[in-house]
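# no sequence on this one, just coordinates:
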Ligand code: BG6
Ligand code: MG
């Protein structure tokens, strides 16, 4: 079965480049903890939950904390991150993303967000993108992190579309796997070497159009 009826979008790295703000906030925390944390290390945090991101940073620094301390550190990082996010403007929507959302909506595709971020609503509001979505599934609604398919399956369920007729747009390897685990098509956004399990890889939504959806198989 093909005939795509719904498009599900990851947020960070697909619709908006928030990785730089995650990096600045994690870097500030790492500096406080005297952990050397580089932009290369930051790549490992893409698509990964907030608490797992903290664990990766603590692993790099070989530091152990109890769970209460870890929750406080994650909250501290998030406050700094939110300070950046509050200043987001629609100018920071990644090229071609809004145009693609607009044309998919105009052509009666169902649209959903499928993101791990608990800040999704704040970000979508700042970018003025909320109204494009028929369903918004984010980190406040799911318990299992990508590559678990929960976030995308819940999206398909809310849209009332068969997963086999859904396509996911994802920039993270774990997200591509989540889409495959949900039995959905996947368009990778980024490097074909990293996102090799995706059905198609493009460098950004500016390269996407509705005709290309018919090429998915
Ligand atoms: C994902 C990002 O979308 O959301 C990750 O790619 C981030 O880097 C995760 O850790 C959780 O985000 P937040 O906003 O809830 O800390
Ligand atoms: Mg992402």
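On my side now, so go ahead. Owing to the predicted nature of the structure, the values given are computational and were not obtained by experimental measurement. Ligands and ions are numbered 1, 2, ... in the order given.

# surely residue 30 touches residue 37?
Yes - between residue 30 and residue 37 there is a contact under Cβ atoms under 8 Å: 3.6 Å. Heads up, the C-betas are built off the backbone N, CA and C, glycines and all.

# ok, the host helix or strand of residue 201: who's next to it in the sheet?
Assigning secondary structure by DSSP states H and E places residue 201 in strand 200-202. Its sheet considered, strand 200-202 pairs with strand 185-189 (parallel) by DSSP bridges.

# show me what contacts whatever residue of the chain ends up closest to ligand 2?
Nearest to ligand 2, among the residues of the chain, is residue 13, at 3.5 Å (Cβ to the ion). The contact partners of residue 13, taken as Cβ atoms under 8 Å, 6 or more residues apart in numbering, are 19, 46-47, 171-172, 189-190.

# and those, which of them are buried?
19, 46-47, 171-172, 189-190 (16 or more other Cβ atoms under 10 Å).

# of those residues, which belong to strands?
In this view, these that belong to strands under DSSP state E are residue 189.

# quick one: which two of the buried ones among the contacts of residue 13 are the most distant?
Using Cβ to Cβ, the pair of those lying farthest apart is 19 and 189, separated by 12.2 Å.

# can you tell me how far residue 190 sits from residue 61?
27 Å (Cβ to Cβ, to the nearest Å).

# er, residue 182 I mean
35 Å.

# what about these two, which has more around it?
Set residue 182 next to residue 61 and count neighbours by other Cβ atoms under 10 Å: residue 182 wins out with 26 against 13.

# can you pull out the strands in this structure?
Here the chain has its strands, by DSSP E, at 6-9, 110-114, 135-137, 166-170, 185-189, 200-202.

# now render those as JSON lines, adding distance to residue 77 and mean pLDDT.
Listed next are these as JSON lines, based on distance: least, Cβ to Cβ, whole Å; pLDDT from 0 to 100:
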{"stretch": "strand 6-9", "distance to residue 77": "25", "mean pLDDT": "98"}
{"stretch": "strand 110-114", "distance to residue 77": "22", "mean pLDDT": "98"}
{"stretch": "strand 135-137", "distance to residue 77": "23", "mean pLDDT": "98"}
{"stretch": "strand 166-170", "distance to residue 77": "24", "mean pLDDT": "98"}
{"stretch": "strand 185-189", "distance to residue 77": "25", "mean pLDDT": "98"}
{"stretch": "strand 200-202", "distance to residue 77": "30", "mean pLDDT": "97"}
